[in-house]
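>>> Give me coordinates for this.
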Amino acid sequence: MSTVMNSTEVRAASRPQGHAGDDPAVRLRTTMAACRVQFTWLGVRKSLTDPQKARAAEAFEAEGRSLSAGKKLLDTGHEAFRAVTAIRTRITSDWRGRTLPFPEPGVRLIRHDAIERFDHRMADYRSELDEAVAMLDRRFDELKSTAAQRLGSLYDPGDYPAALTGLFGVAWDYPNVTEPPAYLLGLAPELYEQEQRRVRARFEEAAELAERAFLDEFAGLVAHLAERISGNNPDGTPKVFRDSAVDNLCEFFERFRTLNVRSNDQLDALVLEAQRTVRGVAAGDLRDSWSLRHEVASRLAVVQSSIDTLLVDRPRRRLLRRTATNLEA
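Reported below is the predicted structural model:
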């Protein structure tokens, strides 16, 4: 039975204005580090050669140079290959769940006090990936044999490595994005100050990205649960919903509590209200009690309406915040 979180509560922040420690961008910059995850991954598609494209084009009475075509080297639906890709999916999901977005491709922000645990977690993932790749390598001849049957004359043994060891991998690091290079201060003070402004702007954007991501996710989760527990199907029976509709909202509350940069008091208050609405309510209780469903659905509808207002006002709030920042600069 699924029950929402009922211990640690998301608190709406009440904070004085005008202090650097109350600036979400400053808070991000001083309490978080950049975290980058990169994969080494074997490509499983290859473009056809010009003669092969010419032969393929004949079937359509087309010119070979006008045709873009490729071949799939391995069956990615094979159980051994899916085991490898499943680990990559879990790594990506875990990384994104523990971090906040940052306006640099492949980089996200992680709390300082979460780095050690994340590092151990990634080491475990790397071991799992190595084991899965070793299993895939043991089935490699089988996969190539299947590919030869499937590709026919397009099959070329030269397209395949001798072994898969080292061709799949994951690496992670913590690049410095919080401060300009220290040597610039002595060599080029003006350039150092320019880089300081660039870094500040990056973290202001990161705060906006975090708020946007939380707001969009929250809106989707609340709308989904409210829709599932409100009203009935056309035949009069209650709508069916999965435990995950409640579980996912629970997980959001915990992640919001941990990673929230308190950039929007209204959002903080709405998350708190939604948590109070479903606190101690199990998915089974919602299924069994029409009156409870109605009460929770009604309260969530109010929250959802306020979220919709925030979504509409978001561009204006961003403009006002940037204008205030420019006036302070």
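
>>> CA only for contacts and neighbour counts going forward, please
Fine.

>>> OK, contacts around the spatially closest residue to residue 226 that is not a sequence neighbour?
Setting aside the residues directly before and after it, residue 226 is nearest to residue 297 in space (C-alpha to C-alpha, 6 or more residues apart in numbering), at 5.2 Å. Contact partners of residue 297, counting by C-alpha atoms under 8 Å, 6 or more residues apart in numbering, are 226-227, 229-230.

>>> from those residues, which is closest to residue 277?
For the contacts of residue 297, the closest approach to residue 277 (C-alpha to C-alpha) belongs to residue 226, at 11.4 Å.

>>> Skip ahead from the host helix or strand of that closest one and say which helix or strand is next.
For residue 226, the element it lies in under DSSP states H and E is helix 189-229. Per DSSP H and E, helix 189-229 leads on to helix 244-259 as the next helix or strand towards the C-terminus.

>>> How far does that next one sit from its chain's centre?
Centroid displacement of helix 244-259 relative to its chain, using C-alpha atoms, centre = their mean, to the nearest Å, is 14 Å.

>>> which residues of this protein fall in helices?
Ranges of helices within the chain are 24-31, 50-58, 79-97, 115-138, 140-151, 183-187, 189-229, 244-259, 265-278, 283-288, 290-328, based on DSSP state H.

>>> Which of those helices comes out lowest on mean pLDDT?
Of all these, the minimum mean pLDDT falls on helix 50-58 (a mean of 72).

>>> Is it possible to get JSON lines of the contacts of residue 297 that adds distance to residue 151?
Listed next are the contacts of residue 297 as JSON lines, based on distance: C-alpha to C-alpha, whole Å:
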{"residue": "226", "distance to residue 151": "49"}
{"residue": "227", "distance to residue 151": "47"}
{"residue": "229", "distance to residue 151": "50"}
{"residue": "230", "distance to residue 151": "52"}
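
>>> now the residues you listed: which count as buried?
With burial judged by 16 or more other C-alpha atoms under 10 Å, the buried subset of the contacts of residue 297 is 226-227, 229-230.

>>> Skipping its backbone neighbours, what lies nearest residue 200 in space?
Excluding the flanking residues, the one nearest residue 200 by C-alpha to C-alpha, 6+ apart is residue 25, at 7.4 Å.

>>> I figured the one you found hits residue 210, correct?
No - judged on C-alpha atoms under 8 Å, residue 25 makes no contact with residue 210 at a distance of 10.4 Å.

>>> Please determine how far the residue nearest to residue 226 is located from residue 223.
From residue 297 across to residue 223, the span is 10 Å (C-alpha to C-alpha, to the nearest Å).

>>> Kindly report the same for residue 156.
Going from residue 156 to residue 223 by C-alpha to C-alpha gives 51 Å.

>>> Looking at those two, which is more packed in?
residue 223 (18 against 13; other C-alpha atoms under 10 Å).

>>> give me the number of residues near the nearest residue to that one once chain neighbours are set aside?
Leaving out its chain neighbours, the residue that sits closest to residue 223 by C-alpha to C-alpha, 6+ apart is residue 304, at 6.5 Å. Neighbour count for residue 304, taken as other C-alpha under 10 Å: 21.

>>> can you tell me which residues contact residue 304?
Going by C-alpha under 8 Å, 6+ apart, residue 304 touches 219, 222-223.

>>> Might you calculate how far stretch 239-258 sits from the centre of the chain?
Distance, stretch centre to chain centre, for stretch 239-258: 16 Å (C-alpha atoms, centre = their mean).

>>> Am I right that residue 259 is in contact with residue 100?
Yes - counting by C-alpha under 8 Å, residue 100 is a contact partner of residue 259 at 7.3 Å.

>>> So if I had to pick from the two, which one is more boxed in?
More crowded of residue 259 and residue 100, by other C-alpha under 10 Å: residue 100, with 26 against 19.

>>> Tell me what the more buried one is bridged to.
With beta bridges defined as DSSP bridges, residue 100 has these partners: residue 109.

>>> Residue 168 contacts residue 43, correct?
No - contact criterion C-alpha under 8 Å: residue 168 and residue 43 do not qualify, at 9.8 Å.
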